[in-house]
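Peer 1: Pasting the sequence and the predicted model now:
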Amino acid sequence: MSQPNGRVVRFAEFEANLRAGELLKNGERIKVQDQPFQVLRVLLEEAGQLVTRDQLRNRIWPADTFVDFDNSLNTAINRLREALGDSKDNCRFIETLPRRGYRFIAPVTRVEGETNGPDTSGDTTDAPDGRAGFEVARRAAAPRTVAAVATLALTLTAVLIWLVRDRTSTLPPSAHGGIHSLAVLPLENFSGDPAQDYLSDGMTEALIERLSSIHGLRVISRTSAMQFKATRKSVPTIGKELNVDAVIEGSVLRSGEKIRVSIRLLRVNTEEHIWSDTYDRELRDVLALQNDVAQAIAGQIQVAVEADSAIRINTRPVPPAVYDNYLKGRFESHKNTPAGLDHALRYFQAAIDADAAFAPAYAGLADTQISLRTVLIGQPPVEARLKALVAARKCIELDPGMAEAHVLLGEALRLDWHWAEAEAEYRRALALSPSDADAHSSLGLWLLSQGRTEEALVSARRAQELDPLEYRGEEAGFILFYARRYGEAVGELRNVLAIQPDNPEALWYLGFALNGAEDFREAIQILERAASLSHRSSGVLGLLVRAYARGGRRAEALQVLDELYRRRQTGYVPTAAFVNAYLAIGDTEQAFTWLARAVEEQSDIIQWLKVHPFFDPLRGDPRFREFLRRANFLP
C-alpha cells in the first residue's frame, strides 16, 4: 500500500506532526514523550505492515545504546496506547503480533505540508536524538504556469523562513515573547519498573533546584510541580494553573550504572517546542549531568544570568549506590509521615557512611530532623534541632553554594533563638536561589517572630506565588492570626479548605483563628475534625482544650487535658500543648509552670512570645519579661 510519507498524518480523531513530534486529538495537543512518539512515527511510516521488534530496535535504539531494550519498548508501547486510548486486547490502532512485532491497523491519511504550524527548522532532524525523519513526497507535476508560480512561492517562503530563523535565533526573548517563569514537570520513569520512581522524582527535584538559582526567572517549586505527575492535563492548562510561560517535560531511563535523560522545553501559550535534547551518562556523573541540563535550559530561554547568580553545583563523581540512597531518602522524606521520615534518616545516613563528602545527603539529613520536630508529628525538639544544626553546617562546609542548606541552617538557628544569624542564612539562601519558596516562607516566619507581620505576609505571598499548590494560604492565615486580623485569617484558611477539606494543618490553623475570633462553637467542630485527621495530635488537642473551655464545655476540656497527661506517660507531648491548655482554663500559675518548661525544652511555641495573642494576659507579669530575655528577644 502507499505509505504515509507526509510530515502530518491523520488517523481517526488524531493528527500526528512527525517533524515536530506532536500528537493532537480533535485539535488539542496530547502529551506524548519522545520514545513513544518515535515508535508511533515508525509505525505510521509502515502503516498496515508488520514492524518487527528488531526493526524498532535498529530505528530507535541503535546498537551503541545501553538501555534495556525490551523494557524500554514495552513501556513505550504502553505509553503510546494510553495516549491513543487503545488497548492490546481490543485494538483500534496498534496490533501486537506475538513474538514478532507490531502493526498500525487504522486507516491513515497523509497531509501535504503541515497543518499545525510552518516548519522553520531548516533541516530534517526529527527528535532530540538527532535521527532524521522522512521527507514530504511531492505531488505529480502541475502545468508549467502553475509550476512556475509554485516555484516562486517556494523560493519566497524559503527566504522568509531563513529570515525568521535568523531573527529568532539572535533576538532577545522580549522580541518573541520572553520566558520569565518556568515549571519543571515530573520527569517520567521510562524504566518500566515503578520502584525506579525515586530516580525520576529525584532528577526532577534536582533540576528545579538548579534552575531556581537563576535571577530573573521564577521557577515553580517541587511540591506544586509534582502535583502533575502522570497527569493528562494539557500544557496550556498546566501553564494556566501555575501561571508560567514555559514548562520542561522529559523522561529518565536507567540501565545498570548508566542513565539517559531526555528533556524538552515548551512554550505554554503556543505549545511550541523551543528545544529538546537527550543526555547519556554514567550514573556516577549524575551531578555533572544535572548541571549540564540546567545550563542548556538557561541558554535556551536566554535568561541574563548575573555574575554572582550563575548555576553552581558540585559536579564531582558520586558512587551510584550513594546517589541511590540519597534519592531514596528524598523519596521517603517527602511522604512526611513518621515512618517515611524514619526510613529517610536511614537512607541519608547510609549515603553519608559510604561517602562522607557528599553534601546533599547532609542537607537531606538536616531537613528530615527539622521535619521530625514539628508539632503535628510530635518529636522532642532539642535533639532533632541539634542534629539538624550539625548536618546543615557540614553541608555548607562541603558546598557553600547550596541554598537549601542555608535555609535549613536558618531554621535550626531560628528555633535555637539565634535571631540575627538565622536571618543572615535566609538572606544568603535567597541570594543563591531567588525562586526558593521554602526560603521565602522561612524568612516570613522569622519576620513574624520579630513582630514584623506585614513584611512576613509579603514573604508568605511570595512563597505562595512560587509554590502555589504547596503554600495555598495556610501560612498567610497563620500570620494574619498573629496580627490579630482574625476575620481575614478565617477567610484565608477557608479558601485553603475549600480546595483541601481534609488538610489537618489548615484545620488546626483555622482553629487558632476561630479561637481568636471567639467563635468557639465552630472552633470545636473544626478542631475535633483536625484531631481525627491527625490521629489526635497533641498540638491539636492542646488547642481543643481552649475551645472547649472558652465555649462553656469545661468538663470536656479537662477530659482532653487528662488525655494529654496520660499520653505523656508513654511518649513525648509538646509542652506547648499544656501551655495552651492552662491558658485556656485560666490557670495562670500552671501556665507559667509549663511556659518555664517550654523555655527549658526550647519548644517551638517560644519563638512566638512577642506576637502570640494567647500570651496577652501574661505580658504584664515580670516573669513573662524574663522569658522574653531568655529567648534573646530582650538584651
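Peer 2: Right, received. Where do you want to start?

Peer 1: measure the residue lying closest to L634 once chain neighbours are set aside to V599 for me?
Peer 2: Residue nearest to L634 in three dimensions, not counting chain neighbours: L628, with 4.9 Å by C-beta to C-beta, 6 or more residues apart in numbering. In this view, the C-beta of every residue, glycine as well, is placed from N, C-alpha and C. Relative to V599, L628 is positioned 10 Å away (C-beta to C-beta, to the nearest Å).

Peer 1: likewise V9?
Peer 2: From V9 to V599 the distance is 72 Å (C-beta to C-beta).

Peer 1: Neighbour count for those two, which is higher?
Peer 2: Neighbour totals were compared for V9 and V599, and V9 leads with 22 against 18 (other C-beta atoms under 10 Å).

Peer 1: Quickly find the element holding the more buried one.
Peer 2: Secondary structure from DSSP states H and E places V9 in strand 8-11.

Peer 1: That strand - contacts with which helices or strands?
Peer 2: In this structure, strand 8-11 packs against strand 14-17, strand 109-111, with contacts taken as 3 or more C-beta pairs under 8 Å, 6 or more residues apart in numbering; DSSP states H and E.

Peer 1: C-alpha coordinates for the longest one, CSV please?
Peer 2: Output of strand 14-17 as CSV, limited to C-alpha atoms (Å, rounded to 0.1, in the frame of the first residue of the first chain):
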residue,chain,number,x,y,z
PHE,A,14,-5.8,12.1,15.7
GLU,A,15,-3.2,14.1,13.8
ALA,A,16,0.5,13.4,14.2
ASN,A,17,3.1,16.0,13.2
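
Peer 1: Now do that strand: distance to the chain's middle.
Peer 2: Remark: strand 14-17 is offset 31 Å from the chain centroid, using C-alpha atoms, centre = their mean, to the nearest Å.

Peer 1: Tell me which strands that strand pairs with, and in which orientation.
Peer 2: Using DSSP bridges, strand 14-17 pairs in its sheet with strand 8-11 (antiparallel), strand 22-25 (antiparallel).

Peer 1: winner for burial among those?
Peer 2: strand 8-11 (a mean of 20; mean count of other C-beta atoms under 10 Å).

Peer 1: Please state the mean pLDDT value computed over it.
Peer 2: In this model, strand 8-11 carries a mean pLDDT of 90.

Peer 1: And for stretch 42-50?
Peer 2: For stretch 42-50, the per-residue pLDDT averages 88.

Peer 1: Provide a list of residues in contact with R484.
Peer 2: 516, 613 (C-beta atoms under 8 Å, 6 or more residues apart in numbering).

Peer 1: And the strands in the stretch 101-250 of the chain, which stretches?
Peer 2: Listed in chain order, the strands of the stretch 101-250 of the chain (DSSP state E, counting those that start in this stretch) span 101-104, 109-111, 181-184, 188-189, 218-219, 246-255.

Peer 1: and among those, the most buried is which?
Peer 2: strand 181-184 (a mean of 26).

Peer 1: Against which helices or strands is that strand packed?
Peer 2: Using 3+ C-beta pairs under 8 Å, 6+ apart: strand 181-184 touches helix 197-211, strand 218-219, helix 222-226, helix 235-242, strand 246-255.

Peer 1: how about 7 Å then?
Peer 2: helix 197-211, strand 246-255 (3 or more C-beta pairs under 7 Å, 6 or more residues apart in numbering; DSSP states H and E).

Peer 1: Nearest to L44 among these would be which one?
Peer 2: Comparison of these against L44 by C-beta to C-beta identifies strand 246-255 as nearest, at 20.9 Å.

Peer 1: ok, back up a step: in TSV: the helices and strands packed on strand 181-184, plus mean pLDDT.
Peer 2: Formatted as TSV, these follow (pLDDT from 0 to 100):
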stretch	mean pLDDT
helix 197-211	88
strand 246-255	89
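
Peer 1: if we can go back for a sec, reformat the strands of the stretch 101-250 of the chain as a markdown table; add distance to Q500.
Peer 2: As requested, these are exported to a markdown table (distance: least, C-beta to C-beta, whole Å):
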| stretch | distance to Q500 |
| --- | --- |
| strand 101-104 | 43 |
| strand 109-111 | 45 |
| strand 181-184 | 20 |
| strand 188-189 | 26 |
| strand 218-219 | 23 |
| strand 246-255 | 24 |
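
Peer 1: Distance from the strand holding V9 to the middle of the chain?
Peer 2: On C-alpha atoms, centre = their mean, the centre of strand 8-11 falls 35 Å from the chain's centre.

Peer 1: repeat for stretch 598-606
Peer 2: 32 Å.

Peer 1: can you pull the buried residues of it?
Peer 2: Neighbour-count burial for stretch 598-606 flags 598-599, 601-606 (criterion: 16 or more other C-beta atoms under 10 Å).

Peer 1: For that stretch, C-alpha coordinates in CSV please.
Peer 2: Provided in CSV are the C-alpha atoms of stretch 598-606 (Å, rounded to 0.1, in the frame of the first residue of the first chain):
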residue,chain,number,x,y,z
ALA,A,598,8.8,25.2,77.3
VAL,A,599,11.8,27.6,77.6
GLU,A,600,14.0,24.8,79.0
GLU,A,601,12.9,22.5,76.2
GLN,A,602,13.2,25.3,73.6
SER,A,603,9.7,24.5,72.5
ASP,A,604,8.6,25.9,69.1
ILE,A,605,5.9,28.0,70.9
ILE,A,606,8.7,30.2,72.4
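
Peer 1: Run through who's touching that stretch.
Peer 2: 375, 381-382, 415-416, 574-576, 579, 627, 630-631 (C-beta atoms under 7 Å, 6 or more residues apart in numbering).

Peer 1: What residues sit buried inside the helix or strand hosting A76?
Peer 2: For A76, the host element (DSSP H and E) is helix 69-84. When burial is assessed from 16+ other C-beta under 10 Å, helix 69-84 yields the following buried residues: 69, 72-73, 75-77, 79-81, 83-84.

Peer 1: wait, which of these is closest to A106?
Peer 2: L84 (9.2 Å).

Peer 1: got a list of what the residue nearest to the closest one when sequence neighbours are not counted touches?
Peer 2: In space, and not counting its chain neighbours, L84 is closest to F93: 5.3 Å by C-beta to C-beta, 6+ apart. By C-beta under 7 Å, 6+ apart, the residues touching F93 are 84, 86, 104-106.
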